[in-house]
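J.: Structure here, sequence nowhere to be found:
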């Protein structure tokens, strides 16, 4: 690939349709890219969470038990986990604009169609299979693009993108209000339609960015699966990052699936209030954590080479006690404080969620690596909704939620092992150069 074809953060390469040498106006494209992907990821996460916010009206209307409802969430997460390695490879092999656009169209259409479901079978087919499958293809291609356009600002750019997850999940609390006032089906109709409208914007504004440096010419940028696996197999840190991420996703999926219902049933809050507080308190803390973590790790990485993984360790180990507090809180105010603190340290972890693994993975393998990391994490996380429902039936929902603190602690210890054993040896030259 010629140097002039490589998109570099802050590059003066003119936008399509402008004559060579014409000055660019407005937002530099690397940051416009963050804005576009932020909106897509916002809808990606909002569409995913509205199902959990509407658990009680959906179960009542369709006659589902908690275990059946948890099964839908588990199948969704399993489908996501099984397809995301293919999504990662697609992000390395196909135009990433096309992958992102198709993902947005599929999960938005499936969200809209969820409003027409009439029972467990149709929910599994439309909600779990179609929506989960569509969502699987977004994240690897998106993070690969961000990593390519943002080198010195990688952690901050990924942290800003990550805030869309928090904002989308909090905004999904609107679904509970719509469900209470106008029926749960209308929430799916609204959010699905918004996604289809956003697809038009993505089609017009997102660019087909060439492959990263080192990927070669067109057609040569598709790393063989065997080469991807060999590269990752030589990086023991990747396996420890994967184990930690699996633990974090298990906790996150379980929290999202059952905390709104927990606040509604344990603390007697109205469904829409319970959904809003469960999501807002946690994710307001997460926005603070991810912003502080992203800025500090980018600022300190030149002086402290291992700072990215150290921020992840701090997020998991310091967040674990607050998960236990959430399930055991004696009142809604205490529970909200615990949710906010849990969220803050979750944000600290998220601030370097992929910035840290990218320190040990060569650029041309990153989309595939993200796919594999997501796959392992979400296959493990798929068990969370059904497992917590089962445990709640034998203990109670609060105890089931509190038990996830142990999972967070074990995940943090996996990263401690990486920091002091494999990470120093696996770190690549790009990281040494600070890009």
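T.: Everything's here; your move. These numbers come from a predicted model, not from an experiment.
J.: okay, and the helix or strand of this protein with the least pLDDT?
T.: Ranking every helix and strand in the chain by mean pLDDT, DSSP states H and E puts helix 429-432 at the bottom, with a mean of 51.
J.: can you pull the buried residues of stretch 65-75?
T.: The neighbour-count check on stretch 65-75 (16 or more other CB atoms under 10 Å) flags 66, 68-75 as buried. C-beta coordinates here come from the backbone N, C-alpha and C atoms, glycine included.
J.: and that stretch, how far out from the chain's middle?
T.: For stretch 65-75, the separation from the chain centroid amounts to 21 Å (computed by CA atoms, centre = their mean, to the nearest Å).
J.: can you give me the helices for the stretch 201-350 of the chain?
T.: 225-233, 236-266, 271-300, 307-328, 332-350 (DSSP state H, counting those that start in this stretch).
J.: Can you lay out these as TSV showing mean pLDDT and distance to residue 198?
T.: Compiled in TSV, the helices of the stretch 201-350 of the chain are given as follows (pLDDT from 0 to 100; distance: least, CB to CB, whole Å):
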stretch	mean pLDDT	distance to residue 198
helix 225-233	83	31
helix 236-266	92	22
helix 271-300	88	21
helix 307-328	94	30
helix 332-350	95	23
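J.: Those: which one's closest to residue 364?
T.: helix 225-233 (9.1 Å; CB to CB).
J.: Could you list every helix and strand in contact with that closest one?
T.: The elements that helix 225-233 packs onto, with contact taken as 3 or more CB pairs under 8 Å, 6 or more residues apart in numbering; DSSP states H and E, are helix 66-93, helix 366-381.
J.: and the first one with helix 366-381, angle?
T.: Helix 66-93 and helix 366-381 meet at an angle of 170 degrees, taking axes from the mean of the first three to the mean of the last three CA atoms, to 10 degrees as the criterion.
J.: Measure how the helix or strand just after helix 66-93 sits relative to helix 366-381, angle-wise.
T.: Later in the chain than helix 66-93, the nearest helix or strand by DSSP states H and E is helix 96-114. Interaxial angle of helix 96-114 relative to helix 366-381 (the same axes, to 10 degrees): 30 degrees.
J.: buried ones in helix 96-114?
T.: The neighbour-count check on helix 96-114 (16+ other CB under 10 Å) flags 96-97, 99-114 as buried.
J.: who's in contact with residue 43?
T.: 104, 108, 168, 191, 194-195, 198 (CB atoms under 8 Å, 6 or more residues apart in numbering).
J.: Helix or strand: which one has it?
T.: Residue 43 belongs to helix 29-53 when assigned by DSSP H and E.
J.: Show me which positions of that helix end up buried.
T.: 29-34, 36-53.
J.: what's the answer for stretch 224-233, then?
T.: For stretch 224-233, by 16+ other CB under 10 Å, it's 228, 231-232.
J.: just how off-centre is that stretch within its chain?
T.: With CA atoms, centre = their mean, you get 24 Å for stretch 224-233.
J.: again with stretch 74-90
T.: Chain-centre distance of stretch 74-90: 13 Å, with CA atoms, centre = their mean.
J.: model confidence over it, on average?
T.: Here stretch 74-90 scores 85 as its mean pLDDT.
J.: So what touches it?
T.: 48, 51, 99, 103, 124, 127-129, 131-133, 135-141, 225, 228, 253, 367-372, 374-386.
J.: Apply 6 Å and report the result again.
T.: With contacts defined as CB atoms under 6 Å, 6 or more residues apart in numbering, stretch 74-90 is touched by 99, 124, 128-129, 132-133, 136-137, 140, 253, 367-368, 370-372, 374-375, 378-379, 381-382, 385-386.
J.: what's the angle from the helix holding residue 43 to helix 271-300?
T.: Per the same axes, to 10 degrees, the angle that helix 29-53 makes with helix 271-300 is 150 degrees.
J.: and the following helix or strand past helix 29-53 with helix 29-53, angle?
T.: Scanning forward in sequence from helix 29-53 by DSSP H and E, the next helix or strand is helix 55-62. With the same axes, to 10 degrees defining the directions, helix 55-62 sits at 50 degrees from helix 29-53.
J.: can you tell me the helix or strand for the residue nearest the centre of the chain?
T.: Geometric centre of the chain, nearest residue: residue 165, 6.3 Å, by CA atoms, centre = their mean. Using DSSP H and E, residue 165 sits within helix 154-171.
J.: Pull out the buried residues from that helix.
T.: Neighbour counts over helix 154-171 (16+ other CB under 10 Å) mark 154-171 as buried.
J.: how about the closest residue to residue 248 other than its chain neighbours, what does it touch?
T.: Nearest residue to residue 248, sequence neighbours excluded (CB to CB, 6 or more residues apart in numbering): residue 411, at 5.6 Å. Contact analysis of residue 411 by CB under 6 Å, 6+ apart lists 244, 247-248, 316.
J.: Of those residues - the most surrounded one?
T.: When neighbours are counted by other CB atoms under 10 Å, residue 244 leads the contacts of residue 411 with 31 neighbours.
J.: Does that residue touch residue 416 like I think?
T.: No - using CB atoms under 6 Å, residue 244 makes no contact with residue 416, being 9.5 Å away.
J.: circling back to that earlier point, ok, the buried residues of stretch 65-75 vs residue 146, which is closest?
T.: Comparing these against residue 146 with CB to CB places residue 73 closest, at 27.9 Å.
J.: List the residues that contact the closest one.
T.: Residue 73 neighbours (CB under 6 Å, 6+ apart): 257, 385.
J.: again, 10 Å this time
T.: 48, 51-52, 55, 127-128, 132, 253-254, 256-258, 381-382, 384-386, 388-389 (CB atoms under 10 Å, 6 or more residues apart in numbering).
J.: do residue 179 as well
T.: Residue 179 touches 50, 53-58, 61, 185-188, 271-272, 275, counting by CB under 10 Å, 6+ apart.
J.: Leaving out sequence neighbours, find the closest residue to it.
T.: residue 54 (4.7 Å).
J.: okay, now the one you found: neighbour count?
T.: Residues near residue 54, counting by other CB under 10 Å: 26.
J.: I'd assumed residue 184 was in contact with it.
T.: Yes - the pair residue 54 / residue 184 is scored as a contact, 4.5 Å apart, by CB atoms under 10 Å.
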